[in-house]
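> show me the folded form of this:
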Amino acid sequence: MPSASVKILLTGLPGCGKTTAVMKIIDTLGCEKVAGFYTREIRQDNIRKGFCWKRLDGADGTLAHVDIKSRFKVGKYGVDVAGFEESVVPILDVERVAAELFIIDEIGKMECLSGKFVAAVRRLFASEKSVLATVAQKGAGLISEVKNYPNTEIFNLTRAGRDKTIAEILQILSFLKRAS
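Reported below is the predicted structural model:
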């Protein structure tokens, strides 16, 4: 299914391996012009304390933590919206970043506290750029909105079906492979 651009959403229960799947897809695809970020848990003594972000160019920072004092909260976590907007949102700028594929891991409650993030994601989904994003299974606002964008394919990831789903997504994105 060669195309000029595709929009792919990966959803599933927490812990099903969405981030791992996205990283495998990026590594296998070998596309040179990729921009975006992924998130990981911050654990201390096997207890989740927060979440960090890491851009694909290597820059990283804290998205949310139990020790962050912020007016923005999701559960027990204070969210560093200003830091996220300063460091992550600019790499999602469809007009300034020369990427063939944008990676967004994830479109979730914490990230959506940023109006600048919401606007950047909307611009990406309305653009001719390809997007591979993870999205929360449940949620209002942008979380439900992106699932209804035209020409967006949604995959529900499960541990049992992970390899099959990764193969299907790689097939769709195969037009982005590095020229041999």
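> can you give the contact residues for the lengthiest strand in the chain?
Longest strand in the chain, counting residues (DSSP state E): strand 34-44. Strand 34-44 is contacted from outside by 19, 22-23, 26, 48-57, 62-63, 65, 88, 91-92, 97, 99-106, using CB atoms under 8 Å, 6 or more residues apart in numbering. Yep, even glycine has a C-beta here, placed from its N, CA and C like the rest.
> mind checking how far the helix-or-strand element of the chain with minimal mean pLDDT is from the chain centre?
Taking mean pLDDT, DSSP states H and E as the measure, the helix or strand of the chain with the lowest value is helix 18-29, at a mean of 92. Its chain's C-alpha centre and that of helix 18-29 lie 11 Å apart, by CA atoms, centre = their mean, to the nearest Å.
> can you pull the buried residues of that helix?
Going by neighbour count (16 or more other CB atoms under 10 Å), the buried part of helix 18-29 is 18, 19, 21, 22, 24, 25, 26, 29.
> ditto for stretch 154-173
Within stretch 154-173, the residues that qualify as buried are 155, 157, 162, 165, 166, 169, 172, 173, counting by 16+ other CB under 10 Å.
> with stretch 50-62 instead?
Burial within stretch 50-62, assessed by neighbour count using 16+ other CB under 10 Å, is assigned to 50, 51, 53, 54, 55, 56, 62.
> got a list of what residue 80 touches?
Listed by CB under 8 Å, 6+ apart, the contact partners of residue 80 are 61, 62, 63, 64, 65, 68, 70.
> wait, doesn't the second one sit right on residue 77?
No - counting by CB atoms under 8 Å, residue 62 sits too far from residue 77 to count as a contact (10.0 Å).
> grab the nearest non-local neighbour of residue 31.
Counting by CB to CB, 6 or more residues apart in numbering, residue 176 is the residue found nearest to residue 31 once chain neighbours are left out, at 4.3 Å.
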